[in-house]
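Trainee: Give me coordinates for this.
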Amino acid sequence: MVVCAALAPAVADAKTDEAYVRVDQLGYPAGSSARGYLMATAPQAGARFVVRSTGGVVAAHGSVGKLLGAWSRRFPYVYAIDFTAPAAGRYAIEVGAQPAAKSPAFPVGTPASIYDPALANSLSFYDNERDGPEFIPSALRTAPGHLNDEHAMTYLTPRVNEEGEFKGELQSLHQWIDAAGGWWDAGDYLKFVQTTSYAVALQLIGVRDFPLQMGGGSARSDFTASARFGLEWLLRMWDEKTRTLYYQVGIGAGNAHTISDHDIWRLPQEDDTYGAGNPLYRFIRHRPVFRAGPPGSPISPNLAGRLAADFALCFQVFHQARPAFADRCLLAAEHVYALADTHPTGHLLTAIPWDFYPESEWRDDLTLGAAELALALQSATSPPAGLPHTSAAYYLADAAHWAAEYKHSSGAGEGLNLYDVSGIADFELVLALRAAGDPAGLQESEGDLVHALGEKLVAAEEQAARDPFGFGFPWAAADTTSHGDGLSVMASEYDYLTGGEEYAAQSRRWLANVLGANAWGTSLIVGDGSTFPDCIQHQVANIVGSLDGGEPVLAGAAVEGPSNEPSSGFLEGMRPCPVGGGNVFARFDSGQARYEDNMEAYSYTEPAIDLTASSMLAFSWQVAAPDPPELLAPPPAPQFGS
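Mentor: Take a look at the predicted model:
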């Protein structure tokens, strides 16, 4: 970030005026239409800019574009800086003669050279989040954590108050299970089926559709082993023999007699012996596992649908290389799906407390589960014995039904994030329909599904028109990072299905918003770009990692991002960050949207496995076309109203 002393000769008061140039810090593909932003305190219509290489060569020049709008009272002027990305190299944008404002340096190159390092960072994030004996040593990880989870006691779900605290003692089920492995949910050490199932689904889709970026064809970012690691934990949480689902390991809020995961700040390897026998820490040393319901009972449809999708994707990815494992997955997929509670009441089952992950929509999850089951059966040359259904047509009809029900209940919906997977469920269903020859008589056709995806993008464009940086989701809402990545993915999906490039520029720009082309001038993914979160609320990263952007950092971790929800809370053992205090980003806040890089500010800087998941697909879409099942010629693009 560079504060200007003066912008241009037209600036009246050079001592007080400020200007900043915001760019996609990950870079731009050579020859592409690129956009940066000039954010200023004073009018800058007609200001000149140059794109200069680090060697001093001017590769492009021009005048800033139209006024895009006001960001805040302090910065009422935001202008577009449009240029064609030059030949491969490293560049910066300079505005004014001094130069008055200069962007961070950014690379220009092939899509692979830009996004492959970010994909490798994403994989390293999940590797560093590994729990249990199969941890991967790194500069941040030197020992496994929570080995006691291999022999964990199960419990009934307790009643909790508004703060998530439960009364009295947890009620044991006197049943031990192996709950080891899996990923920590976020900056804490809890493990949830809710978030793991989402991350696994997107990893498996990436491995299947982008073999050169996320599969065996990549030397740096092959997610195959990572996806299998996540699957194996989910299979431990699902008892196939008794048809019992367990959904959570650990507690985030205890009570006066119980210390919870969120009450202490420590490394994971300390937990197995934490507190040296003190009963206050009994659920730190021996973490409870919570059961979703009695054996064979209905399963909350959000979990049933997403788990069915995971296990069906498992079959699609592993049926040739690991047929026994794949068959086990497909049996589990159909059995879990069959138990979905399609008339749920009250809160959906996500986590305790529910406020950790307050999901309210579930029809999208069943759409995804049924679509992946259809795709799995379409690819099965010899399905395993004992399947309730062996015909893909059964699940195609079910998926179309739930897609129609989703439309009636949620309208256009959000699209692709932990709370709404319709943006990828509809895409997967189109693939399944095309593979089946687009059968007639279903509640949703291919055209209906493509139209629904387009309506989500129209809504995002309408939001983008109200934001000077063109972001398709409100900056003052929660989880802005994952929403931006999800929008980028959906835009690429739509163009793929229609055979056009209607949303290609928006796909890049929404991803760029996450990577530095925003008011704060920071990438919201650790290690991606030149300015990124240094002070994330993550125990290992805070205790062991760098606090100034140097090595080691939790590379690839997508944080929650700007919102209107400030947060704080210091725990003993935290290393203060930023070291000198203060908030260098405060000057860039708008009236509602705020951001702070501070280890206490979990609502801005806590990373999570679900927040990071969509970034992998966003990067992959930018690099290369996928290789899904053979598709028919795309239909004409539907027309959308506002």
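
Trainee: what about the closest residue to Pro578 other than its chain neighbours, which helix or strand?
Mentor: Closest residue to Pro578 apart from its sequence neighbours, by CB to CB, 6 or more residues apart in numbering: Cys535 at 5.7 Å. Glycine gets a C-beta too; all of them are placed from N, C-alpha and C. Take DSSP states H and E as the rule and Cys535 turns out to sit in neither a helix nor a strand.

Trainee: Enumerate every residue touching Cys535.
Mentor: Residues in contact with Cys535 (CB atoms under 8 Å, 6 or more residues apart in numbering) are 542, 547, 577-578, 597-599, 601, 605.

Trainee: where's it relative to Leu234, distance?
Mentor: 32 Å (CB to CB, to the nearest Å).

Trainee: same deal with Arg73?
Mentor: When CB to CB is the yardstick, Arg73 and Leu234 sit 49 Å from each other.

Trainee: Those two: which has the busier surroundings?
Mentor: For Arg73 versus Leu234, the count of surrounding residues by other CB atoms under 10 Å is larger for Leu234: 23 against 9.

Trainee: The helix or strand harbouring the more buried one - contacts with which helices or strands?
Mentor: Using DSSP H and E, Leu234 maps to helix 224-237. For helix 224-237, the contact count by 3 or more CB pairs under 8 Å, 6 or more residues apart in numbering; DSSP states H and E identifies helix 111-128, helix 193-209, strand 244-249, helix 301-318, helix 323-338 as packing neighbours.

Trainee: From the chain's centroid, how far away is the second one?
Mentor: This points to helix 193-209. Put simply, helix 193-209 sits 10 Å off its chain's centre (CA atoms, centre = their mean, to the nearest Å).

Trainee: average model confidence for that helix?
Mentor: Averaging pLDDT along helix 193-209 yields 98.

Trainee: Tell me the buried residues in it?
Mentor: Buried positions in helix 193-209, judged by neighbour count with 16 or more other CB atoms under 10 Å: 193-209.

Trainee: and if you look at the first one?
Mentor: Taking 16+ other CB under 10 Å as the neighbour-count basis, helix 111-128 is seen to contain the buried residues 111-112, 114-128.

Trainee: so how far is that helix from its chain's centroid?
Mentor: Offset of helix 111-128 from its chain centre (CA atoms, centre = their mean): 14 Å.

Trainee: and the angle for that helix with helix 193-209?
Mentor: Taking axes from the mean of the first three to the mean of the last three CA atoms, to 10 degrees, one finds helix 111-128 and helix 193-209 inclined to each other by 140 degrees.

Trainee: can I get the CA coordinates of helix 111-128 in CSV?
Mentor: Included here for helix 111-128 are C-alpha records, laid out as CSV according to Å, rounded to 0.1, in the frame of the first residue of the first chain:
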residue,chain,number,x,y,z
PRO,A,111,-2.8,-18.9,-16.2
ALA,A,112,-0.8,-21.9,-14.9
SER,A,113,2.1,-19.8,-13.7
ILE,A,114,-0.3,-17.5,-11.8
TYR,A,115,-2.7,-20.0,-10.2
ASP,A,116,-0.6,-23.2,-9.8
PRO,A,117,1.3,-21.8,-6.8
ALA,A,118,-2.0,-20.8,-5.2
LEU,A,119,-3.3,-24.3,-5.7
ALA,A,120,-0.2,-25.7,-4.0
ASN,A,121,-0.8,-23.3,-1.1
SER,A,122,-4.4,-24.6,-0.8
LEU,A,123,-3.2,-28.2,-0.5
SER,A,124,-0.6,-27.2,2.1
PHE,A,125,-3.4,-25.6,4.2
TYR,A,126,-5.3,-28.9,4.3
ASP,A,127,-2.1,-30.8,5.0
ASN,A,128,-1.4,-28.5,8.0
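
Trainee: Could you point out the helix or strand that follows that helix?
Mentor: Going down the chain from helix 111-128, the next helix or strand is strand 152-155, by DSSP H and E.

Trainee: Show the subsequent helix or strand relative to that next one.
Mentor: Tracing the chain past strand 152-155, the next element assigned as helix or strand by DSSP H and E is strand 172-177.

Trainee: Pull the residues that contact that following strand.
Mentor: Under the criterion CB under 8 Å, 6+ apart, residues 151-156, 236, 239, 246, 289, 291 lie in contact with strand 172-177.

Trainee: Now, the contacts of Cys535 that are in helices?
Mentor: Among the contacts of Cys535, the members falling in helices (DSSP state H) are 542, 605.

Trainee: I'd like the contacts of Cys535 laid out as JSON lines, including pLDDT.
Mentor: As requested, those are arranged in JSON lines below (pLDDT from 0 to 100):
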{"residue": "Asn542", "pLDDT": "98"}
{"residue": "Leu547", "pLDDT": "96"}
{"residue": "Cys577", "pLDDT": "97"}
{"residue": "Pro578", "pLDDT": "97"}
{"residue": "Asp597", "pLDDT": "98"}
{"residue": "Asn598", "pLDDT": "98"}
{"residue": "Met599", "pLDDT": "97"}
{"residue": "Ala601", "pLDDT": "96"}
{"residue": "Thr605", "pLDDT": "98"}
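
Trainee: Relative to Gly529, which of the contacts of Cys535 is nearest.
Mentor: Within the set of the contacts of Cys535, Asp597 lies nearest Gly529; the separation is 13.3 Å, counting by CB to CB.

Trainee: surely the closest one meets Pro578?
Mentor: Yes: contact between Asp597 and Pro578 holds when scored by CB atoms under 8 Å: they sit 6.7 Å apart.

Trainee: Could you check which of those two has the larger neighbour count?
Mentor: More crowded of Asp597 and Pro578, by other CB under 10 Å: Asp597, with 21 against 16.
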